[in-house]
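> Build the 3D model from these lines:
(one chain, ligands or ions: 1)
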Amino acid sequence: MKIHRVKSAGQGQALAAELFAGISDESPDCPVGLATGGTMSGVYSALATNGFRPKFSDAFALDEYQGISPASENSYGNELTRKFTEPLNFQGKIHVPGQGDYAGEQGPEEFEQAITKLGPLSVQLLGIGVNGHIAFNEPGSSFNSKTRVVKLHQETIKSNLVYFDDPASMPTKAVTQGLSTIKQASKLLLLVFGEAKAFALSKAINNPDESTPLAALLDHPGLELITDLNY
Ligand code: GLP
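Residues are numbered from 1 along each chain as shown. I've put the predicted structure just below:
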């Protein structure tokens with residue numbers, strides 16, 4: 001694993017934007033993998049500030065709440081439209097698990113097939129949850145997991161509830177790429193900032209097991225960690 005130590009989240013997000021642009025520009029025929037959440041918002045703003053224009057034509061989202069309306073502000077697909085497609089004038093397609101072509105029971109399998117057909121992804125952006133989840137692969141997820149519907153853990157519901165105006169509307173399930181799906185990307189850019197994530201990062205690196213989904217990715221030759229933490 002290559003490690004980039006940075007002084008702040010902002011510096012790390014700017015670096016991630018630079019790396020993402022360079023890698024994706026080098027392989028314009030390959031799709032990319034996009035993530036959502038506060039950490040990624042800063043990466044997308046940095047890309048927009050730099051005037052980055054995507055050369056790739058397909059992007060795959062990591063995860064989505066199960067059954068959420070694509071019109072909801074809390075939909076990750078919707079978030080990517082607002083934070084990636086619109087500011088970067090992206091003319092291609094963002095494939096979102098559980099939405100559009102990938103809704104319905106066969107959706108996760110069809111999403112996997114689309115990655116296989118269009119992939120490999122040149123680069124996958126990744127964050128981590130406070131409880132160590134990667135995408136929505138919660139602690140205990142199989143390292144061989146594929147795209148599937150999962151139940152969110154209580155800690156995840158608690159930490160993501162703040163984003164929902166009406167807490168009762170928060171889905172308790174999600175559709176997520178699996179850990180082995182994520183591993184198919186040629187490069188993984190993992191961004192981890194802030195003390196709240198320190199335990200999840202240090203446990204995965206110093207004491208890895210199935211309770212630490214990140215451990216599944218540690219032997220990936222293209223893994224690059226960008227962090228402001230000492231672990
Ligand atoms: C969500 C997403 C993850 C993301 C995590 C961290 O739960 N499913 O893919 O990595 O949150 O988000 P944040 O960057 O807001 O801390």
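> So which residues of the protein form helices?
9-26, 38-49, 76-80, 86-88, 107-118, 154-160, 179-182, 198-206 (DSSP state H).
> among the ones you listed, which is nearest the ligand?
helix 38-49 (3.1 Å; Cβ to the nearest ligand atom). The C-beta positions use only the backbone N, C-alpha and C, and glycine is treated the same way.
> is the ligand contacted by the closest one?
Yes. Interface with the ligand: helix 38-49 contributes 38, 39 (Cβ under 6 Å from any ligand atom).
> With stretch 193-206 instead?
No. Using Cβ under 6 Å from any ligand atom, stretch 193-206 never reaches the ligand; the gap is at least 7.3 Å.
> Contacts made by that stretch with the rest, please.
8-9, 12, 39, 128-132, 192, 211-215, 218, 227-229, 231 (Cβ atoms under 8 Å, 6 or more residues apart in numbering).
> buried ones in stretch 166-181?
Using 16 or more other Cβ atoms under 10 Å as the test for burial, stretch 166-181 gives 170, 171, 174, 175, 176, 177, 178, 179, 180, 181.
> actually stretch 154-166, not the one I wrote
156, 160, 164.
> Nearest residue to the last one in space, please, no chain neighbours.
Read that as residue 164. residue 170 (4.5 Å; Cβ to Cβ, 6 or more residues apart in numbering).
> thought the one you found was touching residue 156?
No. In this structure residue 170 lies outside contact range of residue 156 using Cβ atoms under 8 Å: 10.2 Å.
> Up against the ligand, what does the chain have?
35, 37-39, 62-63, 127-129, 135-136, 156, 160.
> which outside residues touch the lowest-mean-pLDDT helix or strand in the chain?
Ranked by mean pLDDT, DSSP states H and E, the weakest helix or strand in the chain is helix 154-160, scoring a mean of 93. Residues from elsewhere that reach helix 154-160, judged by Cβ under 8 Å, 6+ apart: 129, 130, 131, 133, 136, 138, 152, 170, 172.
> Can you read off the pLDDT for the most centrally placed residue in the chain?
Among the residues of the chain, the one closest to the centroid is residue 35, at 2.9 Å (Cα atoms, centre = their mean). Predicted confidence (pLDDT) for residue 35: 98.
> what's near enough to touch it?
61, 62, 124, 125, 126, 127, 135.
> circling back: out of the helices of the chain, which gets nearest to residue 3?
Residue 3 sits nearest to helix 198-206 of all these, at 9.9 Å, using Cβ to Cβ.
> Please write out the alpha-carbon positions of the closest one in CSV.
What follows is helix 198-206, C-alpha atoms only, in CSV (Å, rounded to 0.1, in the frame of the first residue of the first chain):
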residue,chain,number,x,y,z
ALA,A,198,-8.8,6.5,13.5
PHE,A,199,-10.0,3.4,15.2
ALA,A,200,-11.4,1.9,12.0
LEU,A,201,-8.2,2.5,10.1
SER,A,202,-5.8,1.3,12.8
LYS,A,203,-7.8,-1.8,13.5
ALA,A,204,-7.9,-2.8,9.8
ILE,A,205,-4.2,-2.2,9.4
ASN,A,206,-2.8,-3.5,12.7
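> Show me what counts as buried in it.
198, 200, 201, 203, 204, 205.
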